[in-house]
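Chemist: sequence first, predicted coordinates after that:
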Amino acid sequence: MVNSRMKILNATKWAGGITLVTGIMIFLYGVVSGFIPVVGIGVGTIVGAVIFFLMGVFFIATEEMVENTVKGIEITPNKNRNGLYLVK
C-alpha cells in the first residue's frame, strides 16, 4: 500500500513540476515579448500545476485517512428528557 501511494505522489510531483516549468516558460515568454494573452495563459498554467499537485496530495491523504479509520461502529446520540443532547 505504501508503495502505491509513493508511486502516485511521485507521478503527481513530476507531472505538476513539468507543468509548472512549462507555465513559467510561457509566462516569461509573454512578459519578454509583450504579448499579454500569453501572460494569462502562463499564469493559468502555473495555477493549474499547483492545483494538480494539491489534488494529488489530497487524494493520497484521503486514502490514508480512510484506510486508518475504524469501521463498523455505529454511534447514536443520547437524548435527554427535555430533548437536548447529552455532552460526554
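Modeler: On my side now, so go ahead. Numbering: from 1, shown residues only.
Chemist: which helix or strand contains the most centrally placed residue in the chain?
Modeler: Nearest to the mean C-alpha position of the chain, counting by C-alpha atoms, centre = their mean, stands M55 at 2.2 Å. Here M55 sits within helix 36-68, counting by DSSP states H and E.
Chemist: same for that helix, what does it pack against?
Modeler: Judged by 3 or more C-beta pairs under 8 Å, 6 or more residues apart in numbering; DSSP states H and E, the packing partners of helix 36-68 are helix 2-33. Where you see a C-beta, it was placed from the backbone N, CA and C, and this is true even at glycine.
Chemist: how many neighbouring residues does T12 have?
Modeler: 18 (other C-beta atoms under 10 Å).
Chemist: find the residue closest to it in space, skipping its chain neighbours.
Modeler: In this structure, T12 finds its nearest non-sequential neighbour in G56, 2.9 Å apart by C-beta to C-beta, 6 or more residues apart in numbering.
Chemist: the one you found touches M6, doesn't it?
Modeler: No. Under the criterion of C-beta atoms under 8 Å, G56 makes no contact with M6, lying 11.9 Å away.
Chemist: neighbour count for these two, which is higher?
Modeler: Ranked by neighbour count (other C-beta under 10 Å), G56 and M6 place G56 first, with 18 against 11.
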